[in-house]
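# here are the coordinates; sequence isn't available:
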């Protein structure tokens, strides 16, 4: 790999733009898409790889090309700069997520409490408009305060967010569902909300709850069939 | 948002090593069959001085890949390596999971 290609690739990634690195395996010649001129077949393969998020090989004439997509990190928007958000923050980056924390209560949303995390002290409705959650975004509400959680959930339900989670007991969630229904959300929308939030690992402490939430987000991203116990080969009940 | 950059950004590590004056090669899994532990696109950065970052397997073939990387750093030419249970080399290096992988090794020039 030439340093010039590496520099361009890293610049695209730093700018959070999707980019594909194409490598001819016979001699190591490399191209970037978008940016470099290339045959239409390679452009199509690049687009497909970004869509599927899977690297693969394409044969063109006598040449074999490795098509390596680099999508920007997925995002997690957390509403509530609370203890659980603090515990989620160091897990997010290694799992491939960029985390944004929204909390208008400045005592909570401080750089000191959440070093290195992008903070927004806007009200959640305004913050969500700016952040514009898409199909590569997870939204988690943690404040327990309907004034803060509800506008964020309302915006998340109107978006294509791949995961929506809300902290709170079943009873709290029932009241929440009633309030969201008044905002015009139907049963299908309510079904998108993971509540109580997180996989059931009997979590008690903030780091345990953070782990259960992160695990549920990863499961949603990877399309895991939750609830199914993985069979152990050779063992029958 | 520095901390939100992927902590496993092997390319950034490779670029930093290069900037510090090290000879660097990058190995990338380009194809897998069966139960190989790391998917296509997984990277390992290697320096001539022996530093490693990332992975191209569960640890079974990293040593052999590092040897090939040192050859590529010396020759300047990339290599396409095949590891698998049908390959004698796999017995040597022990791809114990029973999968097959192709790894592309290229010097950073």
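Nice, thanks for sending it over. Bear in mind that the values here come from a model prediction, so they are computed numbers and not experimental data.

# name the residues that touch the longest strand anywhere in chain A?
Longest strand of chain A, by residue count under DSSP state E: strand A:63-70. Outside strand A:63-70, the residues that touch it by C-beta atoms under 8 Å, 6 or more residues apart in numbering or on different chains are A:9, A:12-13, A:18-26, A:42, A:45-46, A:49-50, A:52-59, B:28, B:30, B:40-41, B:104. C-beta here means a position set from N, CA and C on the backbone, and glycine is covered the same way.

# could you pull up the mean pLDDT of it?
With pLDDT averaged residue by residue, strand A:63-70 scores 96.

# in what helix or strand does residue A:59 lie?
Element membership of residue A:59, judged by DSSP states H and E, is strand A:56-60.

# relative orientation of that strand and strand A:63-70 in degrees?
Computed by axes from the mean of the first three to the mean of the last three C-alpha atoms, to 10 degrees, the angle separating strand A:56-60 from strand A:63-70 equals 150 degrees.

# each with direction, which strands does strand A:56-60 pair with?
Sheet pairing of strand A:56-60 (DSSP bridges) gives strand A:63-70 (antiparallel).

# buried sites along stretch A:54-74?
A:55-56, A:58, A:64-71, A:73-74 (16 or more other C-beta atoms under 10 Å in any protein chain shown).

# now do residue 25, the pLDDT please.
All of this is about chain A. 96.

# nope, chain B
Value for residue B:25, per-residue pLDDT: 97.

# which one in chain A is furthest away from the centre?
Of all residues in chain A, residue A:62 sits farthest from the chain's C-alpha centroid, using C-alpha atoms, centre = their mean; the distance is 38.8 Å.

# so where's chain A uncertain?
For chain A, the stretches with pLDDT under 70 are A:227-237.

# for chain B, what are the nearby residues on it?
A:1-3, A:6-7, A:9-10, A:13-14, A:23, A:25, A:27-28, A:54-57, A:66, A:68-69, A:73, A:89, A:92-94, A:96-99, A:115-118 (C-beta under 8 Å from any C-beta of the partner chain).

# returning to what we had before: let me have the buried residues of stretch A:54-74 in JSON lines, extended by distance to residue B:84.
Shown next, in JSON lines, are those (distance: C-beta to C-beta, whole Å):
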{"residue": "A:55", "distance to residue B:84": "18"}
{"residue": "A:56", "distance to residue B:84": "18"}
{"residue": "A:58", "distance to residue B:84": "22"}
{"residue": "A:64", "distance to residue B:84": "17"}
{"residue": "A:65", "distance to residue B:84": "22"}
{"residue": "A:66", "distance to residue B:84": "18"}
{"residue": "A:67", "distance to residue B:84": "22"}
{"residue": "A:68", "distance to residue B:84": "21"}
{"residue": "A:69", "distance to residue B:84": "25"}
{"residue": "A:70", "distance to residue B:84": "27"}
{"residue": "A:71", "distance to residue B:84": "29"}
{"residue": "A:73", "distance to residue B:84": "32"}
{"residue": "A:74", "distance to residue B:84": "32"}
